[in-house]
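Student: using only what follows, build the 3D model:
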Amino acid sequence: MRYRQFARDLASRRRPASTTREAQIMIGHPNNSGLQMDQVTQLYIPAFFVNELRLWQDDSPVLSMEGGISISEDPNIRFTYVSNGAKRFRAEAKDTGWATCSSTNGRSRIPGFEAGCLSGTIPSP
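Tutor: Below you'll find the model as predicted:
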């Protein structure tokens, strides 16, 4: 899982730290819907997808998502949020196999997904 924060434009840099920011969370996960068939065995591949994602700045929730089979493989979720000036950003993702990937400020706590956990840090506002 990786976190990316987009640079602010020149006009927003002149405003205080509590302005709207844009970021993206990128999760490396196969996300099988349960509807695909294995061409060798002719059996269906069991459903295995990210079904929960939560993001926080310090202890303030930023985003909470419940996923389903319609989420693509290696999902990328781009969102806007109001920065509270926090230096710490925390992410937690869970999948249907009960694996949890959790990270704070880009350092993996529990590697459980294909591409590992969140990598990258939040630049200071």
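
Student: is the residue most central in space within the chain in a bridge, and if so with what?
Tutor: For the chain, residue 25 is the residue whose C-alpha lies nearest the centre (C-alpha atoms, centre = their mean; 3.8 Å). Listed by DSSP bridges, the beta-bridge partners for residue 25 are residue 3, residue 77.

Student: and residue 63, what does it touch?
Tutor: Neighbour list for residue 63: 53-55, 77, 79, 81 [criterion: C-beta atoms under 8 Å, 6 or more residues apart in numbering]. Yep, even glycine has a C-beta here, placed from its N, CA and C like the rest.

Student: can you list those in a markdown table and add neighbour count, distance to residue 64 and secondary structure?
Tutor: Shown next, in a markdown table, are those (neighbours: other C-beta atoms under 10 Å; distance: C-beta to C-beta, whole Å; DSSP: H, G, I helix; E, B strand; the rest coil):
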| residue | neighbour count | distance to residue 64 | secondary structure |
| --- | --- | --- | --- |
| 53 | 21 | 7 | strand |
| 54 | 15 | 5 | strand |
| 55 | 22 | 8 | strand |
| 77 | 16 | 11 | strand |
| 79 | 13 | 11 | strand |
| 81 | 17 | 12 | strand |
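
Student: for the residue nearest to the centre of the chain, give me its contacts.
Tutor: 1-4, 53, 55, 76-77, 79, 91, 118.
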